[in-house]
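No letters, just coordinates:
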């Protein structure tokens, strides 16, 4: 026979176990639903920040080139992951999402070739590129690439062009096709994977006029610009960029042809009268040197 005092003690133990079970259940629900949702929001916000930093980088490089500010170092910091965002959510790992990371690389980039009726052999230029690749846990991974003044976004379903490269075709009095190309090149090398900030330092280099294709200004019969990419999806994005450049200026379709063969996208501009020198070509180079450096997140 159980005494009344023993029944009261057993009731307290059962109540504590039930309370503990409810607490564990609540924490499990929080980890399953709330933590991933918070992590997803943090990573989406971080990807938007990366996009903004690439836009800032593009505008800053354009400014250095337009002002011919050779040798002036440009320093820009990229947050590689969501470490700071998750740290603000609390100090217990149980209640915060896992911080994402990322990798920043300076690569050789795609190969640009410019051919003309006067120089059918053409010139080859390694563009170089600045590339960020995310290591997300709760949202899709993205790769952002700056190349030739353009910004490309790559995801699982392909590559899209977010900002157009420095290439334009315009119509001069319905008699001449004016083509302007600025083959921005990024030289240097480096690769950093981190959860914290990384600093990119870039400077404009001297552009000697005696090395073609620096400073081409020629009246020619035709010109061809082709880009060979290591990424087939980026070749598709290049093809789209080459189509958009003359289309947005209202250039007649018979003045140019855009094609893509595998990883090579190209545009050939012949002007209104094939065989006549009615294509005006301008090529102005912009050479940059870039390097990667670690950056402290805070001073203690």
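Thanks, I have it. Here the structure is a predicted model, which means the values were calculated and not measured.

worst-scoring helix or strand of the chain, pLDDT-wise?
Within the chain, no helix or strand scores below helix 83-87, which has a mean of 60 by mean pLDDT, DSSP states H and E.

Neighbours of the nearest residue to residue 232 once chain neighbours are set aside, how many?
Spatial nearest neighbour of residue 232, chain neighbours left out: residue 263 (5.4 Å); criterion: Cβ to Cβ, 6 or more residues apart in numbering. Placement of C-beta: from N, CA and C, glycine included. Per other Cβ atoms under 10 Å, the neighbour tally for residue 263 reads 18.

my guess is residue 263 meets residue 236, correct?
No - the criterion here is Cβ atoms under 8 Å, and residue 263 misses it with residue 236 at 9.5 Å.

Please name every helix or strand in contact with the longest helix anywhere in the chain.
In the chain, taking DSSP state H as the definition, the longest helix is helix 35-66. Where contact means 3 or more Cβ pairs under 8 Å, 6 or more residues apart in numbering; DSSP states H and E, helix 35-66 is packed against strand 73-79, helix 83-87, strand 129-135, strand 143-147, strand 150-155, strand 158-163, strand 197-204, strand 286-294.

switch to 6 Å and redo it
Contact analysis of helix 35-66 by 3 or more Cβ pairs under 6 Å, 6 or more residues apart in numbering; DSSP states H and E lists strand 73-79, strand 143-147 as its packing neighbours.

Pairing partners for the longest one, with directions?
Looking at strand 73-79 with DSSP bridges, its partner strands are strand 197-204 (antiparallel).

Near residue 183, how many other residues are there?
23.

ok so, going back, got the phi/psi numbers for the residue nearest to residue 232?
Residue 263 adopts backbone torsions of phi -90, psi 10, taken as degrees, to the nearest 10.

partners of the host helix or strand of residue 218 in the sheet?
According to DSSP states H and E, residue 218 maps onto strand 216-220. Looking at strand 216-220 with DSSP bridges, its partner strands are strand 279-283 (antiparallel).

Quick check: buried residues in the strand it pairs with?
Buried residues in strand 279-283, counting neighbours by 16 or more other Cβ atoms under 10 Å, are found at 279-281, 283.

remind me which residues of the stretch 101-250 of the chain are low pLDDT?
Residues of the stretch 101-250 of the chain that meet the criterion pLDDT under 70 lie in 208-213.

Go through the helices and strands packed on helix 35-66 and pick out the most buried.
Stretch with highest mean neighbour count among those: strand 143-147 (a mean of 23; mean count of other Cβ atoms under 10 Å).

Can you list the strands that it pairs with?
Strand 143-147 is paired, per DSSP bridges, with strand 129-135 (antiparallel), strand 150-155 (antiparallel).
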